[in-house]
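Asks: let's see this in three dimensions:
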Amino acid sequence: MSNRTFSSVWDAIEDTPEQAENMKLRSVLMMAIKDHIARTGMSQAEAAKCFCVTQPRVSDLMRGKINLFALDALVNMAVAADMRIEMRVLDGPSKRSPSASGDKSAARKKPAAAAKKTATAKKPATKAPARRSKLGAAVGAQMR
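Replies: Sure thing, here's the model as predicted:
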């Protein structure tokens, strides 16, 4: 038996990092919506009207049946409840970075003279390609 450590239960039980991130986001939204319902004192029938869903659908949400809810459905429910959703997308550790592969020598900084020479060299102005970011685990839902 291995003693691997995971930052989230979803990292441990899902097959891919993409599935784990999706489950993390869904769980955060589900908990926020459930807390909103409890905080406002809405019945499941009232919540169903507010979210434009059926009462059994709200019951599934309250019971934590996460596999029955897509991320977009949860976003729609939160917005219908006048909740504001904030999301941060962070760069994850690169799989090809020198530090990830254990090669510390490649990660060293350039000597000052080489850095200065590089900075003064004239290069044609080009627009850098946009970097794709991995979806971070930071989604918060708050009341307005």
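
Asks: how about residue 57: what's its closest non-neighbour residue?
Replies: residue 48 (6.7 Å; C-beta to C-beta, 6 or more residues apart in numbering). For every residue, glycine as well, the C-beta is placed using N, CA and C.

Asks: can you pull the buried residues of the strand or helix carrying that neighbour?
Replies: Assigned by DSSP states H and E, residue 48 belongs to helix 44-51. For helix 44-51, a neighbour-count test (16 or more other C-beta atoms under 10 Å) marks 44, 47, 48, 50, 51 as buried.

Asks: in CSV: these, plus pLDDT and distance to residue 28.
Replies: CSV is the format used below for the buried residues of helix 44-51 (pLDDT from 0 to 100; distance: C-beta to C-beta, whole Å):
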residue, pLDDT, distance to residue 28
44, 96, 21
47, 96, 18
48, 96, 22
50, 95, 20
51, 95, 17
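
Asks: could the residues you listed be laid out in JSON lines, adding distance to residue 35?
Replies: Formatted as JSON lines, the buried residues of helix 44-51 follow (distance: C-beta to C-beta, whole Å):
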{"residue": "44", "distance to residue 35": "15"}
{"residue": "47", "distance to residue 35": "12"}
{"residue": "48", "distance to residue 35": "17"}
{"residue": "50", "distance to residue 35": "15"}
{"residue": "51", "distance to residue 35": "15"}
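
Asks: brilliant, that's me finished.
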